[in-house]
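[1] sequence? don't have it. structure:
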């Protein structure tokens, strides 16, 4: 059975046909990015970078957070933005996000009211005892306050402020609570906090054990309804005002479409000597790919060192554009060469848990990925956490100059 998410389930109950397009058919259509979603994503990314700086004891000033947000916006701005509201422009939405971030900064600087435990933290949610019904999600920010409570925080940039009753009924953060309770059963309380950035308003809620049991049952029922619809191939359209923001309007039957995208051109079957030429070309390109990869790694190291020396995040090129260097803290498992003693302990742990064959005689790269994705038994994950070393991982994003500029 598929691993679901809150947004995936919500998509079905908003419009079953949209669910079919998005998660089953996956038609090859030209997708446009809605400006509201883009603005929300850039605000989220700016806050994520902000808290990474806080972790390094470098809380950004208001102007620095402005620059972080502008860099996020400029380096990710797509060419095919969709703006439904005719009275709004791209600059208007940029200003909304900047204002929201300034309010947040003024309220929280120097960001020492709690301790960040995770940013964009992936969680795995079990709705039943045998793992048949599973969900996953990402917590915008997981923190611990001064009273020892765990705070599951979600940022919202929508233009409507819900009531407290509506927040108390929303299931998304409560589902995340199920996972957090499994990860830290001995907690001092869990608070679900939605921060409505346009209104500088946090709304908090809590769930009782009885409510969480009911929530599990509710989402098991929802998943069963979706699975039944898949078996019956029954995905009716559900027209609503939200249709204006749907990326599948051109092929949706409710909007006059056929329900299917234009077929993609099928590649020809290659045989004989041309097939041998393709093999040679593939091998040659693979060699080039490895050489290019090594050169990219070398240049990345040089750029990171230069940025650290000049205390810069952004470095301009001559003509092609600029690069933005960000840093992320990661929990790294030790390798055999770095710490052979701990490596042997990890090896014994994996063998004892019956996972040795799964990780190919202890493939540390595969084990590291499973650790990062929280796809290990809880006892194994907790033990490995004791051996991890926090490392700084730099990444580079490219801001290309627009064509014709």
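    Perfect, I can see it now. Note that this is a predicted model, so its numbers are computed, not measured.
[2] Which elements pack onto the longest helix seen in the chain?
    Looking across the chain with DSSP state H, the single longest helix is helix 272-310. For helix 272-310, the helices and strands in contact under the criterion 3 or more C-beta pairs under 8 Å, 6 or more residues apart in numbering; DSSP states H and E are strand 314-316, strand 321-332, strand 389-400. C-betas here are computed from N, CA, C, even on glycine.
[3] out of those, deepest packed?
    Mean neighbour count (mean count of other C-beta atoms under 10 Å) peaks for strand 321-332 among the helices and strands packed on helix 272-310, with a mean of 17.
[4] In the helix or strand where residue 142 lies, which residues are buried?
    When secondary structure is defined by DSSP states H and E, residue 142 falls within strand 134-145. Buried residues in strand 134-145, counted by 16 or more other C-beta atoms under 10 Å: 135, 136, 137, 139, 140, 141, 142, 143, 144.
[5] Work out the gap between the longest helix of the chain and the centre of the chain.
    If you compare the mean C-alpha spot of helix 272-310 with that of the full chain, they lie 27 Å apart, counting by C-alpha atoms, centre = their mean, to the nearest Å.
[6] now swap in stretch 99-109 and tell me
    Relative to its chain's centre, stretch 99-109 lies at 23 Å (C-alpha atoms, centre = their mean).
[7] Give the burial count for residue 181, as a bare number.
    Other residues within reach of residue 181 by the criterion other C-beta atoms under 10 Å amount to 16.
[8] I'd assumed residue 187 was in contact with it.
    Yes. Look at residue 181 against residue 187 with C-beta atoms under 8 Å: they come within range, at 7.1 Å.
[9] OK, contacts around residue 6?
    When the contact criterion is C-beta atoms under 8 Å, 6 or more residues apart in numbering, the partners of residue 6 are 135, 137, 171, 172, 175.
[10] Bridging across strands, which residues link to the first one?
    Meaning residue 135. Beta-bridge pairing of residue 135, defined through DSSP bridges, involves residue 4, residue 125.
[11] How about the contacts made by it?
    The contact partners of residue 135, by C-beta under 8 Å, 6+ apart, come to 3, 4, 5, 6, 9, 124, 125, 127, 175, 219.
[12] what's the closest of the residues you listed to residue 84?
    Nearest to residue 84 among these: residue 6, at 23.7 Å, using C-beta to C-beta.
[13] Sketch out the low-pLDDT regions of the stretch 151-300 of the chain for me.
    With pLDDT under 70 as the threshold, the stretch 151-300 of the chain has low-confidence stretches at 261-266.
[14] one step back: quick check: which of the helices and strands packed on helix 272-310 is nearest to residue 191?
    Counting by C-beta to C-beta, residue 191 lies closest to strand 321-332 out of the helices and strands packed on helix 272-310; the figure is 23.9 Å.
[15] elements contacting whichever helix or strand comes after the closest one?
    Read in the C-terminal direction, the helix or strand following strand 321-332 is helix 340-352, with elements assigned using DSSP H and E. In this structure, helix 340-352 packs against helix 378-385, with contacts taken as 3+ C-beta pairs under 8 Å, 6+ apart.
[16] Buried residues of the helix it packs on, list them for me.
    Judged by neighbour count using 16+ other C-beta under 10 Å, the buried positions of helix 378-385 are 380, 383, 384.
[17] Over to stretch 231-243?
    Of the residues in stretch 231-243, 235, 237, 238, 243 count as buried by neighbour count, 16+ other C-beta under 10 Å.
[18] and if you look at stretch 200-209?
    For stretch 200-209, burial by neighbour count (16+ other C-beta under 10 Å) applies to 202, 203, 205, 207.
[19] still on that earlier bit, need the helices and strands packed on helix 272-310 in TSV with distance to residue 83, can you?
    Listed next are these as TSV, based on distance: least, C-beta to C-beta, whole Å:
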stretch	distance to residue 83
strand 314-316	27
strand 321-332	25
strand 389-400	22
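[20] Pipe these into CSV and attach mean pLDDT and distance to residue 38 per row.
    CSV is the format used below for those (pLDDT from 0 to 100; distance: least, C-beta to C-beta, whole Å):
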stretch, mean pLDDT, distance to residue 38
strand 314-316, 88, 20
strand 321-332, 78, 17
strand 389-400, 75, 15
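[21] out of those, nearest to residue 49?
    Relative to residue 49, the nearest member of those by C-beta to C-beta is strand 321-332, separated by 5.9 Å.
[22] Parallel or antiparallel, list what pairs with that closest one.
    According to DSSP bridges, strand 321-332 forms sheet pairs with strand 314-316 (antiparallel), strand 389-400 (antiparallel).
[23] Looking at the ones you listed, which is nearest to residue 285?
    Each of the strands paired with strand 321-332 was scored for nearness to residue 285 using C-beta to C-beta, and the closest is strand 389-400 (21.7 Å).
[24] what's the distance between that closest one and the middle of its chain?
    Using C-alpha atoms, centre = their mean, we find the averaged C-alpha position of strand 389-400 to lie 16 Å away from the chain's own average C-alpha position.
[25] Measure how buried residue 51 is and give me the count.
    19.
[26] could you say what helices and strands the strand or helix carrying it packs with?
    Using DSSP H and E, residue 51 falls within helix 35-55. Taking 3+ C-beta pairs under 8 Å, 6+ apart as the contact definition, the neighbouring helices and strands of helix 35-55 are helix 62-76, strand 81-82, helix 90-108, strand 114-126, strand 134-145, strand 150-156, strand 321-332.
[27] which helices and strands sit right next to the longest one?
    Right, helix 90-108. Secondary structure elements in contact with helix 90-108, counted by 3+ C-beta pairs under 8 Å, 6+ apart, are helix 35-55, helix 62-76.
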